[in-house]
Structure formats: structure tokens, C-alpha cells
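Asker: take a look and give me a structure for this.
(one chain, ligands or ions: 1)
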Amino acid sequence: MYSASKKASLEHRLRGNEAMSNGDFKTALEEYNKGIPLNPDDGILWSNRSLAYLKLGHPELALVDTNRASIILIDPVLGLRKLELVQKDESISPINKLKQVGFKNLLRNAQAYSDLELFIDAIKSCQELMKLKNSFTAKNVPFNWIEVERLLQHCQKRYNEYVSEGDFKDFVQHYGISSFKGEYPWQSRKTDRFSEENFRYLKDRISEISASKVKLVKVNLGQSSVSDTIEIQYGIEAQEKISSHELIFKETPFITVYSRIVERCDNCSTKITTQSKFKCPNSSCKEVYCNIRCYQQALELFHNQLCGKDITGILTVVQKGKSTASLNNLFLIKLFAIAKQRDISPLDIKEIRHMTSSQQTKHRFPKISVHLYEDVMRILEIPIGDLRFDFWVFNCCLFMLSMNVFGERNGAIPDKAYLFSLLALINHQCDPNASTIGEIGNQLISEKVIQKGEAITINYDPRISSRERAASLYYFFGINCKCPKCRTFSGSFSKIA
Ligand SMILES: C[S@@+](CC[C@H](N)C(=O)[O-])C[C@H]1O[C@@H](n2cnc3c(N)ncnc32)[C@H](O)[C@@H]1O
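Answerer: Residues are numbered from 1 along each chain as shown. From the prediction side, this is the model:
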């Protein structure tokens with residue numbers, strides 16, 4: 001017998017399937033999203049949602065769903081219960097129907113890899129499926145094997161083209177190509193960013209830390225790089241005349257992370273000395289702090305969720321990283337921990353929910369992020385049916401971090417990084433009037449006299465010569481620089497409110 005929630009979940013699945021057959025993939029996604037929390041053990045639901053994601057052009061999201069569906073569909077304990085979920089069909093026995101669902105899921109998995117241009121993985125998935133074709137398992141299971149063969153041929157051809165174009169083997173193996181226009185289509189974050197609540201919260205905090213020297217404003221950054229609209233963004237401007245080399249404000253980072261190569265405080269990333277070392281009182285926890293105050297701050301914000309947890313897998317990835325971007329994986333686990341602690345979605349954390357994302361439309365998608373996401377969910381014991389922590393949320397956080405984190409290296413190795421709520425509101429100019437200084441770069445200082453009403457700007461990439469900066473800003477931050485000095489400048493960079 002079904003429980004009430006399983007029955008309701010099944011109804012959502014069927015409604016989703018109907019929307020899929022009408023080509024209404026967004027409604028289908030909404031229905032599947034209503035069904036999953038009611039019965040996260042329904043592998044068919046995950047597999048069907050993966051198809052909705054594929055049709056909506058988000059293979060990276062489909063990948064997590066096909067993986068989950070496979071795990072559930074081959075789980076022997078869930079075996080009998082799965083049969084309950086198979087829709088009765090006169091022409092096929094329930095057990096064969098279930099096998100058909102499994103084959104379809106493998107094909108969706110191969111399609112997701114192919115759409116991401118991860119051809120080696122796509123070929124492997126197709127070959128795995130083709131092995132089943134003449135096996136006993138596939139007997140009397142109707143399935144479109146021609147589609148698998150076609151996909152396999154397509155992937156082999158594309159892979160050969162890639163390799164003959166140059167040595168892209170490493171790229172083809174580890175990075176997919178996904179699209180993301182600053183937000184997922186079902187997200188309302190863009191408008192939420194400018195909500196009255198966000199605006200007031202940020203405005204008050206900026207007035208407070210700068211002693212009202214500067215204020216939050218909305219600015220017109222000219223033509224958007226992803227749509228036809230004029231882009232309205234946040235910016236900071238002087239409320240009074242500021243002299244040259246004056247401290248504008250100093251901000252405590254919201255969170256910091258470090259690669260564990262040098263021993264640092266888990267709360268503020270300050271180097272630990274023999275005089276300043278406070279060990280977490282939990283004997284099975286390895287984290288250390290500068291003092292009890294840092295420990296208590298961390299405990300309240302995120303450490304409660306992470307105390308004693310083994311994050312070695314994530315650290316290994318971070319330590320192998322070549323750029324400070326690899327530290328973003330440590331930010332992700334902290335952001336997910338903070339959200340779990342506050343019982344909200346990571347995208348609703350008030351200290352970060354105003355932040356912009358990279359604006360590139362095509363992204364390098366590191367295949368490993370699927371595993372990192374599953375690791376974060378497992379370490380924090382977040383149930384997979386809690387869609388406030390869905391994979392697209394993880395990706396949004398990653399894109400937001402790639403735009404807003406201030407990182408530091410220790411020689412060639414990414415060492416530590418900071419996430420500041422307010423410094424993240426300062427726009428870039430190639431000829432800026434301010435910069436960030438101090439040991440952790442948390443002091444905003446004027447470089448010249450700034451007149452009342454002038455925008456406060458910094459240079460996001462000061463090490464790079466101005467000729468290369470436009471390309472570097474686009475590559476690393478997804479910014480089409482529209483500052484008055486840049487050739488691409490097309491807007492007024494002016495205040496609108
Ligand atoms: C660190 S945030 C700065 C605050 C941001 N304007 C906001 O509304 O939150 C970086 C974002 O600001 C925008 N931005 C900053 N400087 C820019 C520039 N010179 N040209 C174009 N966009 C810029 C980009 O959209 C980028 O995503």
C-alpha cells in the first residue's frame with residue numbers, strides 16, 4: 001500500500017510526464033520538483049526529471065539525477081518497493097518495465113555527457129548499454145537500441161574531431177561545456193537581489209562601517225552582455241568628499257577558507273602560532289582556532305554542522321588545484337553548512353544573497369563538481385529530497401563565488417580566500433579611484449581625491465597590464481568591462497537611484 005505522500009508524489013510524476021509529452025518542460029520540472037520531496041526513493045522520478053533538464057538545456061543538472069536514479073534503481077533493498085512505482089502496462093511485465101526504465105536512464109546519462117561534450121564518458125555509457133542489448137537481461141524489454149547506436153557514433157565522431165584539432169584530451173576528459181546566463185531560467189534571484197529588504201540591509205551596513213562616507217546606489221552598467229536589456233547593478237558612491245589615501249571602510253570577512261597547507265584558524269584563516277592555538281574541544285575534530293572567541297563564532301555560523309566531519313576528499317581536490325578558484329569548494333561546504341544551520345537555502349543567506357554571478361553564457365563545467373556536490377550533501381547529512389540544496393543551487397553558489405571571492409596564493413599553491421559581503425559591491429574600473437589593502441585586503445582606501453557623488457571603484461585584476469585585462473576579466477570573471485577606459489564601453493556607468 002502507498003503512503004499518502006507516495007501517492008501524492010506519484011500524481012506529480014504523472015502530471016510531469018503529461019507536461020513532458022506536451023513539450024512543456026518547465027511545468028514538468030515544477031511537477032517533478034513537487035514529487036521528489038514527497039518520495040525521494042522514487043528512482044523513476046529522478047530519471048524523468050533528468051530528461052526535463054536535458055530538454056531545458058541543462059545537461060549538468062541531468063547528470064546528478066541520472067546518477068541518483070541509477071543508485072536507486074539497482075538498490076536490492078528498494079527493489080520490491082520500486083515495482084510498486086511502475087505504471088501498469090498491458091504490453092509489458094512490471095519487471096521488464098522496470099528494466100526499461102533503467103535502460104532509459106542509462107541513455108539519458110549518456111546524452112547528458114554528450115551534451116556536455118564529455119565524449120569519453122558518453123561513449124562509455126553508450127557501450128555499457130550496448131553490452132546489455134543481446135544479454136538475457138534485455139530479453140523481451142522493448143527499447144530503442146538504434147538511438148543508442150546513433151548517439152555512440154555521434155560521440156565517437158565528435159571525440160575524433162576534438163582530438164585531431166589539437167591535444168584537448170585533458171579538457172575532453174575533465175571539463176564539460178554548460179550554459180548559464182547568470183541564473184537558471186526558473187530562478188527569481190535577479191529581481192530578489194534588488195528587493196527592498198536586501199537594499200535596506202546593505203545600505204545600513206555600508207553606512208555603519210564607513211561612518212556614512214559612502215552609500216549604496218543602483219547604477220546603469222549599459223547594455224547587458226546576456227540580454228537586450230540595460231543592466232542595472234549595485235555600486236557604491238561617495239557621500240562626501242574623500243581625500244587621497246583615506247580609509248573608506250574596513251570589513252570583517254563573512255567567511256574565509258584555507259587549503260590546510262599551513263595551519264590556520266578555521267574561522268578567520270589567521271596563521272596559528274604556539275601562543276595562539278585553541279583546539280576544538282571535540283577530540284575527534286581536527287579544527288583549530290586563534291582563540292575561544294573565533295571558535296564560538298565559527299560554532300554558531302557553520303562549525304556545529306561540520307565538527308568532526310571528514311572533509312579529506314574535498315581537501316585533496318583543493319590542494320591539487322592550480323588557482324585560488326579551487327578554494328571555492330571549501331566555501332561551498334561552509335555555505336551549505338550555514339544554510340543547514342539556519343534552516344534555509346544557501347541562496348537565501350542574507351550576507352550573500354545580493355551577490356552577482358559570472359556573466360559568461362558558456363561555462364567550463366568541471367565534471368568533478370558532481371562528486372563534490374554529493375560529498376557535501378553526504379558530509380552534512382542533507383537529505384537528497386531537500387530541494388533547497390539541489391544541485392542547481394550548488395552551481396549558482398559556485399558561479400557567485402567565482403565572481404566575488406578575494407583569493408591569495410602561497411607561491412604556486414592556492415592558500416586562503418575571503419568572502420566579503422560589502423567589498424563585493426564595488427565595481428571595477430581600469431583606472432580606479434580606490435584599492436584594497438592590509439594583510440587580508442579588507443581595507444578599502446582611496447587612491448585619489450574622490451568627489452561627493454563619484455562611484456567608488458577598484459581594479460579587480462591589478463597584476464595584469466591594461467591591454468590584456470579585458471580578456472582576463474572576461475575569462476576569469478565573465479565581465480565584459482564597460483568602464484570608461486575600455487573599448488567595449490557602451491553604457492553610462494551612471495547612477496540611477
Ligand atoms: C563584485 S560585483 C560588483 C557589484 C555588482 N555591480 C553588484 O550589483 O552587486 C561584480 C559584478 O559587477 C559588474 N561589474 C563591475 N564592474 C564592471 C565593469 N567595469 N564593467 C561591467 N560590469 C562590471 C559585473 O556584472 C560583475 O558581475
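Asker: mind listing the strands for the stretch 101-250 of the chain?
Answerer: Using DSSP state E, counting those that start in this stretch, the strands of the stretch 101-250 of the chain run over residues 175-179, 214-223, 230-238, 247-250.
Asker: surely Leu98 and Ile72 touch.
Answerer: No. The criterion here is C-beta atoms under 8 Å, and Leu98 misses it with Ile72 at 11.3 Å. Using the backbone N, CA and C atoms, a C-beta is placed for each residue, glycine as well.
Asker: may I see the buried residues of stretch 434-444?
Answerer: Ala434, Thr436, Ile440, Gly441, Asn442, Gln443, Leu444 (16 or more other C-beta atoms under 10 Å).
Asker: tell me how far the fifth one lies from the ligand.
Answerer: Asn442 sits at a distance of 15 Å from the ligand (criterion: C-beta to the nearest ligand atom, to the nearest Å).
Asker: so that residue makes contact with Leu423?
Answerer: Yes. Using C-beta under 8 Å, Asn442 is in contact with Leu423, at 7.1 Å.
Asker: okay, and the common contacts of the two?
Answerer: Contact criterion C-beta atoms under 8 Å, 6 or more residues apart in numbering; residues shared by Asn442 and Leu423: Glu251, Thr436.
Asker: within range of the ligand, give me the residues from the chain.
Answerer: 221, 233-235, 356, 359, 403-404, 424-429, 479, 481-483 (C-beta under 6 Å from any ligand atom).
Asker: Lys34 and Ser178, how far apart?
Answerer: Distance, Lys34 to Ser178, by C-beta to C-beta, to the nearest Å: 25 Å.
Asker: same check on Glu90?
Answerer: Per C-beta to C-beta, Glu90 is found 40 Å from Ser178.
Asker: and for Arg388?
Answerer: Distance of Arg388 to Ser178, given as C-beta to C-beta: 22 Å.
Asker: with neighbour numbers in mind, choose between those two.
Answerer: Higher neighbour count among Arg388 and Ser178: Ser178, with 19 against 15, using other C-beta atoms under 10 Å.
Asker: I'd say that one and Lys367 touch.
Answerer: No. Using C-beta under 8 Å, Ser178 is not in contact with Lys367, being 10.7 Å away.
Asker: intersection of neighbour lists for those two?
Answerer: In terms of C-beta under 8 Å, 6+ apart, Ser178 and Lys367 are both contacted by the residues Leu116.
Asker: which intervals of the stretch 151-300 of the chain have sub-threshold pLDDT?
Answerer: 165-172, 188-191, 222-230 (pLDDT under 70).
Asker: that one: helices as residue ranges?
Answerer: Counting by DSSP state H, counting those that start in this stretch, the stretch 151-300 of the chain has helices at residues 169-174, 189-192, 196-209, 292-298.
Asker: a markdown table for those helices, including mean neighbour count?
Answerer: Formatted as a markdown table, the helices of the stretch 151-300 of the chain follow (neighbours: other C-beta atoms under 10 Å):
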| stretch | mean neighbour count |
| --- | --- |
| helix 169-174 | 13 |
| helix 189-192 | 13 |
| helix 196-209 | 15 |
| helix 292-298 | 16 |
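Asker: take these and lay them out in TSV including distance to Ser259.
Answerer: Shown next, in TSV, are the helices of the stretch 151-300 of the chain (distance: least, C-beta to C-beta, whole Å):
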stretch	distance to Ser259
helix 169-174	20
helix 189-192	29
helix 196-209	29
helix 292-298	17
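Asker: and Ile464, which of those helices is closest to it?
Answerer: helix 169-174 (23.3 Å; C-beta to C-beta).
Asker: which residues touch the residue nearest the centre of the chain?
Answerer: Nearest to the mean C-alpha position of the chain, by C-alpha atoms, centre = their mean, lies Asn395 at 2.0 Å. By C-beta under 8 Å, 6+ apart, the contact list for Asn395 reads Glu60, Leu61, Phe180, Tyr184, Ser369.
Asker: quick one: low-confidence parts of the stretch 351-497 of the chain?
Answerer: 359-360, 409-412, 467, 487-497.
Asker: and the helices in it?
Answerer: Listed in chain order, the helices of the stretch 351-497 of the chain (DSSP H, counting those that start in this stretch) span 368-379, 391-404, 466-472.
Asker: restricting to C-alpha, output the longest one in CSV.
Answerer: The reference is to helix 391-404. Output of helix 391-404 as CSV, limited to C-alpha atoms (Å, rounded to 0.1, in the frame of the first residue of the first chain):
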residue,chain,number,x,y,z
PHE,A,391,22.5,20.8,-7.5
TRP,A,392,21.5,23.9,-9.4
VAL,A,393,21.7,25.8,-6.1
PHE,A,394,25.2,24.4,-5.6
ASN,A,395,26.1,25.6,-9.1
CYS,A,396,24.6,29.1,-8.5
CYS,A,397,26.8,29.4,-5.4
LEU,A,398,29.8,28.3,-7.4
PHE,A,399,29.2,30.9,-10.1
MET,A,400,28.6,33.6,-7.4
LEU,A,401,31.8,32.6,-5.7
SER,A,402,33.8,32.8,-8.9
MET,A,403,32.8,36.4,-9.2
ASN,A,404,33.1,37.6,-5.6
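Asker: mind putting the contacts of Asn395 into a markdown table with distance to Ile384 and neighbour count?
Answerer: Converted to a markdown table, the contacts of Asn395 look like this (distance: C-beta to C-beta, whole Å; neighbours: other C-beta atoms under 10 Å):
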| residue | distance to Ile384 | neighbour count |
| --- | --- | --- |
| Glu60 | 17 | 25 |
| Leu61 | 14 | 24 |
| Phe180 | 22 | 23 |
| Tyr184 | 19 | 18 |
| Ser369 | 16 | 21 |
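Asker: and the residues you listed, which two are furthest apart?
Answerer: Farthest-apart pair in those is Tyr184 and Ser369; separation 15.1 Å (C-beta to C-beta).
Asker: domains in the protein, as residue ranges please.
Answerer: Domain assignment of the chain by automatic domain parsing yields the ranges 4-177, 210-251+422-477, 255-419.
Asker: and those: which comes nearest Glu197?
Answerer: Distance to Glu197, taken as C-beta to C-beta, is lowest for domain 255-419 among the domains of the chain, at 8.4 Å.
Asker: off-centre distance for that closest one?
Answerer: Distance of domain 255-419 from its chain centroid, counting by C-alpha atoms, centre = their mean, to the nearest Å, is 12 Å.
Asker: for Met20, give its distance to Thr316.
Answerer: From Met20 to Thr316 the distance is 39 Å (C-beta to C-beta).
Asker: so between these two, which is more surrounded?
Answerer: Met20 (19 against 10).
Asker: correct me, but the more buried one touches Ala28?
Answerer: Yes. Met20 is in contact with Ala28 according to C-beta under 8 Å; the separation is 4.5 Å.
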